[in-house]
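Trainee: With the input below, show me the fold.
(chains A and B)
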Amino acid sequence: MQSNQPAIQARHLSQEFTQPGSNTPFLALHEASIDIARGELVSLIGPSGCGKSTLLNIMGGLAKPTSGTISIAGKPVTGPSPKEVAFVFQENALFPWNTIIENCDIGMLFQGVPKKERMDRARQSLEAVGLSEFANHYPGQLSGGMRQRAALARALSLETDIILMDEPFGALDEQTRMILGEDLSVLLARTGKTIVFVTHSLGEAVFLSDRVAVFSARPGTIKAIIDIDEPHPRRPDFVTSDKFAGLRNTLYGMLHDEIRKTLSHRVVSNAAADGGRAS
Amino acid sequence: MILTGAKPGGTLFMRSSAVWVQLLFLAILLTLWYLAANDWNVPALLLPEPTGVFHRAVGLIADGEIVEPLQTTLFEAVTAFLTSAILGIAFGYFLSTSPFMTEVCDPLLTSINAIPAILFLPLFALLFGLGSGSKIALGITVSFFPITLQTLAAFTNVDKVHIRAAQSMGASAGHMIRYVLLPSTLPVIVAGLRMGMVLSFLAIIGGETIASFAGLGHQVAESSQAMDAELMYAWIVIVITVSALLNLGLSQLEKLGVRS
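Mentor: This next block holds a predicted model:
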């Protein structure tokens, strides 16, 4: 593998859904192209229903694009590639019937990793997210923030080069997501993984990312890509800097019009309300 | 498993005191029965004296008279239960695989489930005779629907994100069943099985008292026709004990299902 080859290469990806009870296909993603370099953290941000989660699922092999090509480390994606890509979903993707350490263990079990190595790797990744003490707790006994740390530990224990995160902090309160964001930045600077991160939060996107891909709605596509030129790990005082505020304002300006457009579109067309769910 | 949050009868103290209240209730009932039969002049034909009933019941067990009716009833109940468990789980799972079928069949099954199945006993008696066949058919009719409905609910409520998470981690079809579908559906399915077992047992006993040659329900009906109230009550006590034991066994099974 060449070192200058992108970790993820998406070319002209489009995805159409046909909603039940509707004859016209709904275009969830239109001609999206992006190259993501190894070790880079890229955020996908945009209004609901703009196809950012769809793009993430296509990258992870959980959805097939209607047209376009997607490749991971130079190989075309045909389905889930658990050796290269790990997912962190929104809340509650941990199995509630398993303990935290069993949750970390199970993905490795699926891939046939020997028992002893599984336990070592699970313990290491729980240690990395600061949950060693809670290894034998059930997800239901932990707070939302701790559950998402555990979900991150599960992804880390799979030792993939790429982690795809679908609004991992979306269900958490502002304070918790701030702290988790800081910890994530430190952790990722250390591990050098390639991350694609879907978020609704402008601040989160600016704080964590090397680049932010801004989506437009209807049809959903990548409208612009903004560089966040700031070394990792990001320091907490980055948030209060003028640079942060400037970048955040730029993003806000680009998104504001898109969100307006989505909302007015939604009033006009009923189909749009369904479309929001397909994001 | 460590308990998460408040469950009914969470603490040991609450559970043990609940058992005491239940026992007290039973004791009060027996005392009232005793008083009514001995001191309040209720005719023995309607309400025989409890110690006499108890002796008759023990006698039925000791003499082995209980064996044949009990075997008949248990055979009918177990056959009906196993049949509807297999059919209900298979059919419920099959329906859950298609959203269209689920949408069509769920309300249909729910309304069929609300029809009193005992209405079909005369038909089953015509079709299968007065022996075990008609009781098994009745038991299946009663328990098939709750088991199917619970299975359908269990599979349609599997969290999609759990399935996607397992897929993303490279789960095979076998892994998916063993590590995702089974643990997330089992508690709900076992609750349906318990409901089905209890309902089919009740329907079979009921069917036996109405039209039959054998079984516990038949003994109740027969002793009533012979005007032997003491014997009738003795059989009723036996039926209640058997159904209590069945229920106890199933609730143990249910706990096991929740834990796995």
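
Trainee: can you pull the contacts of residue 25?
Mentor: You didn't say which chain, so I picked chain A. A:16, A:17, A:18 (Cβ atoms under 8 Å, 6 or more residues apart in numbering or on different chains). Glycine gets a C-beta too; all of them are placed from N, C-alpha and C.

Trainee: what's the lowest-pLDDT member of these?
Mentor: Least confident of the contacts of residue A:25 in the model: residue A:18, at 76.

Trainee: coming back round to it: could the contacts of residue A:25 be laid out in a markdown table, adding distance to residue A:106?
Mentor: Listed next are these as a markdown table, based on distance: Cβ to Cβ, whole Å:
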| residue | distance to residue A:106 |
| --- | --- |
| A:16 | 34 |
| A:17 | 30 |
| A:18 | 34 |
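
Trainee: tally of neighbours for residue 107?
Mentor: By default, I'm working from chain A. 26 (other Cβ atoms under 10 Å in any protein chain shown).

Trainee: Chain B, not that one
Mentor: 9.

Trainee: swap in residue B:149?
Mentor: By other Cβ under 10 Å, 22 other residues sit near residue B:149.

Trainee: name the element it belongs to?
Mentor: Assigned by DSSP states H and E, residue B:149 falls within helix B:132-156.

Trainee: Wondering if the following helix or strand past that helix reaches chain A at all.
Mentor: Downstream of helix B:132-156, the first helix or strand assigned by DSSP H and E is helix B:160-168. Yes: counting by Cβ under 8 Å from any Cβ of the partner chain, chain A is contacted by helix B:160-168 at B:161, B:162, B:164, B:165, B:166, B:167, B:168.

Trainee: Average pLDDT for stretch B:136-152, rounded please.
Mentor: Averaged across stretch B:136-152, pLDDT comes to 92.

Trainee: before we move on, back to that, the residues of helix B:160-168 next to chain A into CSV, with extra columns for distance to residue A:184?
Mentor: Shown next, in CSV, are those (distance: Cβ to Cβ, whole Å):
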residue, distance to residue A:184
B:161, 20
B:162, 23
B:164, 21
B:165, 19
B:166, 24
B:167, 24
B:168, 19
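
Trainee: what's the closest of the residues you listed to residue B:256?
Mentor: Of all these, residue B:256 sits closest to residue B:162, with 21.6 Å by Cβ to Cβ.

Trainee: how many other residues sit next to the nearest residue to the closest one once chain neighbours are set aside?
Mentor: Spatially, and ignoring its direct neighbours in sequence, residue B:162 is nearest to residue B:180 (5.5 Å; Cβ to Cβ, 6 or more residues apart in numbering or on different chains). Using other Cβ under 10 Å, residue B:180 has 21 other residues around it.

Trainee: Next, the contact list for residue B:180, please.
Mentor: Counting by Cβ under 8 Å, 6+ apart, residue B:180 makes contact with A:95, B:158, B:162, B:163, B:166, B:171.

Trainee: which ones among the contacts of residue A:25 are found in strands?
Mentor: The strands, defined by DSSP state E, take in A:16, A:17 from those.

Trainee: so what's residue A:147 up against?
Mentor: Counting by Cβ under 8 Å, 6+ apart, residue A:147 touches A:91, A:92, A:94, A:139.

Trainee: just these now: which is nearest residue A:81?
Mentor: residue A:94 (21.4 Å).

Trainee: quick one on the thing from earlier: most neighbours, which of the contacts of residue A:25?
Mentor: Comparing the contacts of residue A:25 by number of neighbours (other Cβ under 10 Å), residue A:17 comes first, having 18 neighbours.

Trainee: For it, give the beta-bridge partners.
Mentor: For residue A:17, the beta-bridge partners are residue A:26 (DSSP bridges).

Trainee: Output the contacting helices and strands for the helix holding residue B:149.
Mentor: Other helices and strands packing on helix B:132-156, by 3 or more Cβ pairs under 8 Å, 6 or more residues apart in numbering or on different chains; DSSP states H and E, are helix B:67-96, helix B:99-113, helix B:121-128, helix B:182-210.

Trainee: which of those helices sits most buried?
Mentor: Among those, helix B:182-210 has the highest mean neighbour count (mean count of other Cβ atoms under 10 Å in any protein chain shown), at a mean of 22.

Trainee: Show me what counts as buried in the helix or strand following that helix.
Mentor: Downstream of helix B:182-210, the next assigned helix or strand under DSSP H and E is helix B:216-225. Within helix B:216-225, the residues that count as buried by 16 or more other Cβ atoms under 10 Å in any protein chain shown are B:216, B:217, B:218, B:219, B:220, B:221, B:222, B:223, B:224.

Trainee: could those go into a markdown table alongside distance to chain A?
Mentor: Listed next are the buried residues of helix B:216-225 as a markdown table, based on distance: Cβ to the nearest Cβ, whole Å:
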| residue | distance to chain A |
| --- | --- |
| B:216 | 39 |
| B:217 | 40 |
| B:218 | 44 |
| B:219 | 45 |
| B:220 | 43 |
| B:221 | 46 |
| B:222 | 49 |
| B:223 | 49 |
| B:224 | 49 |
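
Trainee: now, the most widely separated pair of those?
Mentor: Within the buried residues of helix B:216-225, B:216 and B:224 form the most distant pair, 13.1 Å apart (Cβ to Cβ).

Trainee: Point out the other helices and strands that the helix ranked longest in chain A packs with.
Mentor: When chain A is parsed with DSSP state H, its longest helix is helix A:242-268. Secondary-structure packing of helix A:242-268 (3+ Cβ pairs under 8 Å, 6+ apart): helix A:202-208, strand A:211-216, strand A:221-227, helix A:271-277.

Trainee: For the ones you listed, which has the smallest mean pLDDT value?
Mentor: Of all the helices and strands packed on helix A:242-268, helix A:271-277 has the smallest average pLDDT, which comes to a mean of 45.

Trainee: in which helix or strand would I find the residue nearest the centre of chain A?
Mentor: Among the residues of chain A, the one closest to the centroid is residue A:165, at 2.4 Å (Cα atoms, centre = their mean). Assigned by DSSP H and E, residue A:165 falls within strand A:162-166.

Trainee: That strand packs against which elements?
Mentor: helix A:52-59, strand A:85-88, strand A:194-199.

Trainee: Determine the number of other residues adjacent to residue B:167.
Mentor: Residues near residue B:167, counting by other Cβ under 10 Å, number 20.

Trainee: Residue A:49 too?
Mentor: 25.

Trainee: can I assume it is in contact with residue A:216?
Mentor: No: counting by Cβ atoms under 8 Å, residue A:216 is not a contact partner of residue A:49; they are 11.2 Å apart.

Trainee: any idea how far the closest residue to residue B:231 other than its chain neighbours is from residue B:77?
Mentor: In this structure, residue B:231 finds its nearest non-sequential neighbour in residue B:223, 4.0 Å apart by Cβ to Cβ, 6+ apart. Applying Cβ to Cβ, to the nearest Å, the value for residue B:223 to residue B:77 is 21 Å.

Trainee: before we move on, what about residue B:27?
Mentor: In terms of Cβ to Cβ, residue B:27 sits 30 Å off from residue B:77.

Trainee: Surely residue A:32 forms part of a strand?
Mentor: Yes: under DSSP: H, G, I helix; E, B strand; the rest coil, residue A:32 sits within a strand.

Trainee: How about it: what's its closest non-neighbour residue?
Mentor: residue A:13 (4.6 Å).

Trainee: burial of that neighbour, as a residue count?
Mentor: Residues contacting residue A:13 under the criterion other Cβ under 10 Å number 24.

Trainee: Below-threshold pLDDT in the chain: ranges please.
Mentor: Since no chain was named, I'll use chain A. Along chain A, the parts satisfying pLDDT under 70 run over A:1-4, A:20-22, A:262, A:264-279.

Trainee: Sorry, I should have been clearer: chain B.
Mentor: B:1-15, B:257-260.

Trainee: And the residue nearest the centre of it?
Mentor: Closest to where the C-alpha atoms of chain B average out (Cα atoms, centre = their mean) is residue B:198, at 0.9 Å.

Trainee: Wait, that one touches residue B:248, no?
Mentor: No: assessed by Cβ under 8 Å, residue B:198 is found out of contact with residue B:248, at 11.4 Å.
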